[in-house]
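**Q** build me a model from this:
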Amino acid sequence: MTDLMAGMMDDNLWEKTTKEIFGTLDSLLDPTKSTPYRKWTYLFGDVHKLCHATPEPFSAQLHTALQEYLEESLRKVCEELRSKEEFLKAYSQRFTFYSVAIESINSAFRSLNQEMPDPLDVLGDPQATPLHQHVYSLGMKTWHNIVFKPLERIIFQQYLTQLEQFRSTDSEGDTATLRTVTDSFARMSCFKPMDKMDAIYTQDFEPAVLRAASTFYSVFHKDRVEQLTFHDYVLQAAAQLEREEDIGLRVLQTATQAKLKCIAVESTLAQIPISTALKECAVKRQDDLARKYFDSIQCLDHCVSDYGEQLRRHVETLGVEQLNELQSRDELTPPSYAACVISIIRDFEEQLANVYLADKVIQSHLSKAFDTIVNYNPLRTGTSKMAELLAKTADMVLKRSKATEDGEQTTEQKLKDTITIFRFIQDKDVFKKFYSKLLARRLLHSNSTDEHESMMISSLKAQCGFDYTQHFQKMFSDVAVSRDLGDAFRSYIEGMKTVAVATEGAVGTSSTVGLSTRFTAQVLQSGAWPLSASKALELTLPPIFSDTLSAYETYYMDRHQGRKLTWLFHLSTGDIRGKFGKRQVEFHATLAQMAMLLMYQTDTVHHFTTLAERTGMKETDARAIVKSLEKCHLLKETSPDMYTISVKYPGRKTRIRITAAVQKESQSEVAATHLAIEEDRRLYIQAVLVRIMKARKSCQYTLLIKEAIDQSRARFAPSVRLIKQAIDELIDKGYMERKEGDKQLLFYIA
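**A** Next up, the predicted model:
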């Protein structure tokens, strides 16, 4: 180390010190030389003394001298690299060596860096000069200007040549060299402002890489598309894309990898018509091929969107054709409808998960297709028909869950399938209306299990909210309360009989002898159940029934003041036993059927008029009951309006249900239900319109219609005609008015 007096330095000492400094730098920048540790430690001291000399430090002069030294050294490096046979590898190795050396020099020139302003303070400053750059930045800029710029064309050309060789062959190649060159572009730009540090890579190098890839894959497509089948072409293209991705991961930046894949797909698979790809992948159900194809085109939004649109059309066509075929064969029943729709939904949801990897765009298109299929009505009798079929499907599943031994898993799966279809039903109000009526029948006749009913209601609640299922919950509550009340009433009757026997003998009094402990009553809230008291059957009961009913009314009214009981005899059922020779048969019948059959205990023949008068039924109701008993082979018309009881009963069953002939829903009842739905919709739309107008005070006509459609969509899909009619009705009722001179503007009237 040069002997410098503290704070004093002359020109001779400057020259001697800088000579030793740059002599040490010679060994640092020469790959063939090594730097003794002593010289390395002296370098720190020499730089420090120059930067802190008095009366004036030599910082500026040292910075300038270092720049000139680096420029001169790198000119020799540049000329040396030009003559190398393996140019790119030599360039990579030399840059790596230089990077390490310049980091060491930057460390040794720490004192000089401390005299310079922070680079972050001057980045982007147009007035910045070389004096404003730390030693590391100075070294990289010098490499950029002296070595890289003169050799740029050769570097890019050889890089792209090797890259194409990697694409064309299966050999791994020297990817380490390419990665080093890639990283050098960013490292040699550290002297630039932050927003331009990647300029060499993004503005010069990357476009060249993308152009070369576009050319390569255009030739790849042209050479193969005519010679190979779609299956083989996709496999080869997918394999090439995987290789491209592997190469990109090894040598290129992440952003470039994504762009390269897009260019490769755009030049190959995207050139094949989407309709052809869909036919080969989805229609022919080649799932593995479809997965490879879709995974490849997923980077191109327009391809995914087009594929999803054509997939949607394919699914819709498939579903519509299957439903039309069922209708043409007259097989469009609730079970067949549900089986057809759920098979399509399951199939393509499986494809969505396994082939399309739950892609959001494909999922959206499939949801639209399912919506179309579920609500498509081949009967052309109104869109609400499909909601009615689905409600009846659920009814059959829930009934079967108790009537047969399908197993818990089978029933639960069928209920899940029903809810899956329900998600896409537009007319949820129609489903609710029919499901409510069918649920009432199941609960009244104990045709299903509470567990499965609760499961179904919970699923509906999850889909549509509490308001949608609150009536269902009340119906369940009524059944539970009635069950407890029935147990209490039977205990009450047994107590009465016990007291009567104890006080009046073994037979008891006439007031208790006719009372039945097998009687069960369901007390239902009129507002919660879809049952109408106006449809109640007029019926005069035999004493065996009337005595028990009177006792129950007395018992109930004593415990619930202010309530009124209305008996719905048309929904009441019971068991009656008949003896045919030596054979005994038990029939499950309606109350009206039982009342009429009991008349045959004394006489085997009755005239129709007698049957009607003694049962107290209207002629039409009595005629329907007689016909049902005749259909069940219990009565036989021997002469006009003369009916005799059958002496023999066909078949071998000992328990027979004969209520179906009476309780089956008629077409008039279905039509009445649809009329009630239309009325409910009319009132619902009016309520929605009033709610909107009350909040806004004024609204444009078209905007009001749009808002009403949006708010009603969760319940049903209203027609514009229905909304316009509701607006006119509300104007007539005085809830809103039109502005004079502007009929399109409506005002709310408080």
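**Q** burial count for residue 671?
**A** Per other CB atoms under 10 Å, the neighbour tally for residue 671 reads 10. (Each C-beta comes from the backbone N, C-alpha and C, glycine too.)
**Q** same check, this time on residue 738
**A** The number of residues packed near residue 738 is 14, by other CB under 10 Å.
**Q** mind listing the residues bridging to the nearest residue to it once chain neighbours are set aside?
**A** Of all residues beyond its chain neighbours, the one nearest residue 738 is residue 746 (5.9 Å), with distances taken as CB to CB, 6 or more residues apart in numbering. In this entry, residue 746 is beta-bridged to residue 699, residue 738, by DSSP bridges.
**Q** burial of residue 746, as a residue count?
**A** Number of residues near residue 746 (other CB under 10 Å) recorded here: 26.
**Q** just checking, it touches residue 730?
**A** No. Counting by CB atoms under 8 Å, residue 746 stays clear of residue 730, with 9.2 Å between them.
**Q** quick one: common contacting residues for the two?
**A** residue 736 (CB atoms under 8 Å, 6 or more residues apart in numbering).
**Q** tell me how far the residue nearest to residue 738 lies from residue 634.
**A** Between residue 746 and residue 634 the distance is 64 Å, computed by CB to CB, to the nearest Å.
**Q** circling back: how close does the residue nearest to residue 738 sit to residue 699?
**A** 6 Å.
**Q** what residues are shared contacts of these two?
**A** Joint contacts of residue 746 and residue 699 (CB under 8 Å, 6+ apart) are residue 693.
**Q** could you pull out the helices for the stretch 1-150 of the chain?
**A** 11-29, 37-51, 59-82, 87-108, 110-115, 119-122, 135-143, 149-168 (DSSP state H, counting those that start in this stretch).
**Q** can you tell me which of those helices is most buried?
**A** Comparing the helices of the stretch 1-150 of the chain by mean neighbour count (mean count of other CB atoms under 10 Å), helix 135-143 comes out on top with a mean of 23.
**Q** which neighbouring elements make contact with that one?
**A** Contacts defined by 3 or more CB pairs under 8 Å, 6 or more residues apart in numbering; DSSP states H and E place helix 135-143 against helix 59-82, helix 87-108.
**Q** quick one: mean pLDDT for it?
**A** If you average the pLDDT over helix 135-143, you get 88.
**Q** redo the helices of the stretch 1-150 of the chain as a markdown table? Include distance to residue 621.
**A** Formatted as a markdown table, the helices of the stretch 1-150 of the chain follow (distance: least, CB to CB, whole Å):
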| stretch | distance to residue 621 |
| --- | --- |
| helix 11-29 | 114 |
| helix 37-51 | 115 |
| helix 59-82 | 109 |
| helix 87-108 | 100 |
| helix 110-115 | 107 |
| helix 119-122 | 96 |
| helix 135-143 | 102 |
| helix 149-168 | 87 |
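**Q** which of those has the lowest mean pLDDT?
**A** Note on these: lowest mean pLDDT is at helix 119-122, with a mean of 46.
**Q** can you tell me which residues contact the residue nearest to residue 738?
**A** Shown in contact with residue 746 (CB under 8 Å, 6+ apart): 693, 698-701, 704, 727, 736-739.
**Q** same thing but at 10 Å, please
**A** Neighbouring residues of residue 746 by CB atoms under 10 Å, 6 or more residues apart in numbering: 689, 692-693, 696-701, 703-704, 727, 730-731, 735-739.
**Q** ditto for residue 295
**A** By CB under 10 Å, 6+ apart, the contact set of residue 295 is 238, 241-242, 355-357, 359.
**Q** Produce a ChimeraX select command limited to the buried residues of those.
**A** Buried subset of the contacts of residue 295, written as a ChimeraX selection, criterion 16 or more other CB atoms under 10 Å:
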select :238,241,355,356,359
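**Q** could you dump the contacts of residue 295 into a markdown table with distance to residue 485 and secondary structure added?
**A** Below are those laid out as a markdown table (distance: CB to CB, whole Å; DSSP: H, G, I helix; E, B strand; the rest coil):
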| residue | distance to residue 485 | secondary structure |
| --- | --- | --- |
| 238 | 70 | helix |
| 241 | 72 | helix |
| 242 | 72 | helix |
| 355 | 57 | coil |
| 356 | 56 | coil |
| 357 | 56 | coil |
| 359 | 56 | coil |
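**Q** now the contacts of residue 295 as a markdown table including distance to residue 720?
**A** Converted to a markdown table, those look like this (distance: CB to CB, whole Å):
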| residue | distance to residue 720 |
| --- | --- |
| 238 | 48 |
| 241 | 49 |
| 242 | 52 |
| 355 | 39 |
| 356 | 35 |
| 357 | 39 |
| 359 | 34 |
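**Q** mind putting the contacts of residue 295 in CSV, pLDDT and distance to residue 464 included?
**A** Output for these, formatted as CSV (pLDDT from 0 to 100; distance: CB to CB, whole Å):
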residue, pLDDT, distance to residue 464
238, 92, 44
241, 92, 45
242, 91, 46
355, 89, 31
356, 90, 28
357, 87, 30
359, 92, 28
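**Q** which single one of the contacts of residue 295 is nearest to residue 92?
**A** Distance to residue 92 across the contacts of residue 295 (CB to CB) is lowest for residue 242, with 26.1 Å.
**Q** wait, that closest one touches residue 167, no?
**A** No. Between residue 242 and residue 167 there is no contact under CB atoms under 10 Å: 11.6 Å.
**Q** so where's the stretch 451-600 of the chain shaky on pLDDT?
**A** By pLDDT under 70, the weakly predicted segments of the stretch 451-600 of the chain are 499-517, 533-535.
**Q** what ranges does it have for its helices?
**A** Listed in chain order, the helices found in the stretch 451-600 of the chain under DSSP H, counting those that start in this stretch are 466-504, 510-513, 543-559, 591-598.
**Q** and those, which is most packed in?
**A** For these, the highest mean count by mean count of other CB under 10 Å goes to helix 591-598, at a mean of 22.
**Q** and the next helix or strand past it?
**A** Per DSSP states H and E, the first helix or strand lying C-terminal to helix 591-598 is strand 605-607.
**Q** how far out from the middle of the chain is the next helix or strand after that next one?
**A** Reading on from strand 605-607 to the C-terminus, the next helix or strand found by DSSP H and E is helix 608-615. Here helix 608-615 is found 61 Å from its chain centre; the criterion is CA atoms, centre = their mean, to the nearest Å.
**Q** same check, this time on stretch 484-503
**A** Offset of stretch 484-503 from its chain centre (CA atoms, centre = their mean): 57 Å.
**Q** please save the CA atoms from it in CSV.
**A** Taking C-alpha atoms only, stretch 484-503 is exported to CSV below (Å, rounded to 0.1, in the frame of the first residue of the first chain):
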residue,chain,number,x,y,z
ASP,A,484,-99.2,-35.2,21.2
LEU,A,485,-102.9,-34.0,21.3
GLY,A,486,-104.1,-37.4,20.0
ASP,A,487,-102.1,-39.2,22.7
ALA,A,488,-103.6,-37.0,25.4
PHE,A,489,-107.2,-37.6,24.0
ARG,A,490,-106.8,-41.4,23.9
SER,A,491,-105.6,-41.3,27.5
TYR,A,492,-108.7,-39.1,28.3
ILE,A,493,-111.1,-41.7,26.6
GLU,A,494,-109.5,-44.6,28.4
GLY,A,495,-109.8,-42.7,31.7
MET,A,496,-113.5,-42.1,31.0
LYS,A,497,-114.1,-45.8,30.2
THR,A,498,-112.3,-46.9,33.3
VAL,A,499,-114.4,-44.6,35.5
ALA,A,500,-117.6,-45.7,33.7
VAL,A,501,-116.8,-49.4,34.2
ALA,A,502,-115.9,-48.8,37.9
THR,A,503,-119.2,-47.0,38.6
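**Q** what distance do you get for residue 427 to residue 670?
**A** Distance from residue 427 to residue 670, by CB to CB: 15 Å.
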